[in-house]
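S.K.: I would like to see how this sequence folds:
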Amino acid sequence: MFDITKEFPADTASIHLKGLRGDYLYNDDGKPVQIVVYGPGTKQFAAMESRQTTRTLKRMKQNDGEMAVGSPEQTAKEQAEDLASITSRFENFDWPVPEGTSDFDKFQSFYLNEKTVHFKTQVKKALGETGNFIANSGTEQHSTPAI
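M.R.: Now for the predicted structure:
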């Protein structure tokens, strides 16, 4: 009998970030600079998708059933909120925020910053590739997406 549960995705994946020149980034100790995200099949991911659907339906209702897009500022804010809500942690890099800032607010400020667009793009792309969430013997998957 085939054990279908072996095909379940891991809850998280670590996305090894690339710099502007396309090279993978490492900290001063040689450790990979990564963002760990929750993926499909997790409650965090499901909650994000639910918020996205709710926003879309609300905009359609306000626009007499027609598709509508928010302002660039609103879209950037919503995208930062969505990505922050499925980010588990940053690994091997610092993001300067005031002491006492929640992890969610720290992640959101990272994704809201216009200068992090190339990192945001990598995270969004990795989320769409289910192969990045291949379970690894019950441990977290550390993927290096082809970007």
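S.K.: from now on I want contacts and neighbour counts done on CA atoms only, so please keep to that.
M.R.: Noted.
S.K.: which residues in the protein form strands?
M.R.: Along the chain, counting by DSSP state E, strands occupy 12-16, 34-38, 87-91, 141-143.
S.K.: may I have the third one as PDB, with CA atoms only?
M.R.: Right, the one you point to is strand 87-91. Taking Å, rounded to 0.1, in the frame of the first residue of the first chain, the C-alpha atoms of strand 87-91 are listed here in PDB:
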ATOM      1  CA  THR A  87       7.100  34.700   7.700                       C
ATOM      2  CA  SER A  88       8.400  32.500  10.600                       C
ATOM      3  CA  ARG A  89      11.800  34.200  11.000                       C
ATOM      4  CA  PHE A  90      14.800  35.800   9.500                       C
ATOM      5  CA  GLU A  91      18.000  33.700   9.700                       C
END
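S.K.: what's the longest helix in the protein?
M.R.: Secondary structure of the chain per DSSP state H: the longest helix is helix 43-62.
S.K.: report all helices and strands that that one contacts.
M.R.: helix 72-85 (3 or more CA pairs under 8 Å, 6 or more residues apart in numbering; DSSP states H and E).
S.K.: quick one on the thing from earlier: would you turn the strands of the chain into TSV with mean neighbour count and distance to Lys106?
M.R.: Shown next, in TSV, are these (neighbours: other CA atoms under 10 Å; distance: least, CA to CA, whole Å):
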stretch	mean neighbour count	distance to Lys106
strand 12-16	26	18
strand 34-38	23	13
strand 87-91	19	10
strand 141-143	20	22
